[in-house]
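J.: Based on what follows, work out the 3D shape:
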Amino acid sequence: MDKASRPEGKDWFAHEELTPDEVAQIIGDGPTDIVLSHDAPLGVPYPRQDLVQHLPAWRRDTPWSTGRLMRSDEHQRLVRAVVDRTKATKVFHGHHHARYSDTLAAVQGPVAVVGLGMDQHPLVSRCVMTTPDGDPVGPDDCQGSAQPLP
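T.: So this is what the prediction gives:
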């Protein structure tokens, strides 16, 4: 969304975005339990209320242009296609730069979504520990003892 103000290779990377060919390859590889991606799947409530994805891009009151919002939505549709078609039950991503947990209603049932913070945030917001099955646990500092997430 804000690539113009950030240096490529430092603050954003071209490979952050999936291509339709990559999505087809991922889906073709079959089912998976966990998706680890930069971007969030479409349909995850934005942790801050200013994105309002339930509205068409042209009706959103945000600092980003309609074109950038539409491109972002389209990429999140690609991530969502991966989640739905691989029947994933857990998604970990960093796109919103905010630590949060939510549930995405999907055709395969509820999908646990964990968003991670960014470099300037405390370690606990930038990492997530999981059980061997990929269930998130929330330590106080990502180095302490595991505690279930609320």
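J.: I'd like the next helix or strand past the helix or strand hosting residue 84.
T.: Assigned by DSSP states H and E, residue 84 falls within helix 66-86. Toward the C-terminus, helix 66-86 is succeeded by strand 90-93 as the next helix or strand (DSSP H and E).
J.: can you give me the helices for the chain?
T.: 20-28, 66-86, 123-126 (DSSP state H).
J.: Need the winner for burial among those.
T.: Of all those, helix 66-86 has the most neighbours on average by mean count of other CB atoms under 10 Å, namely a mean of 18. The way it works is simple: take the backbone N, C-alpha and C, and place the C-beta from them, glycine included.
J.: That helix vs helix 20-28, what angle?
T.: Here the directions of helix 66-86 and helix 20-28 differ by 20 degrees (axes from the mean of the first three to the mean of the last three CA atoms, to 10 degrees).
J.: contact partners of helix 66-86?
T.: 1, 17-18, 20, 23, 26-27, 29-32, 35, 37, 39-43, 53, 57-58, 60, 62, 64, 88, 91, 93, 104, 106-108, 111 (CB atoms under 8 Å, 6 or more residues apart in numbering).
J.: buried subset of those?
T.: 1, 17-18, 23, 26, 32, 35, 37, 39-43, 53, 57, 64, 88, 91, 93, 104, 106, 111 (16 or more other CB atoms under 10 Å).
J.: from those residues, which ones fall inside strands?
T.: Counted as lying in strands by DSSP state E, out of the buried ones among the contacts of helix 66-86, are 35, 37, 91, 93, 104, 106, 111.
J.: which ones are touching the fourth one?
T.: Residues in contact with residue 93 (CB under 8 Å, 6+ apart) are 35, 36, 37, 38, 39, 40, 41, 79, 113, 114, 115, 116.
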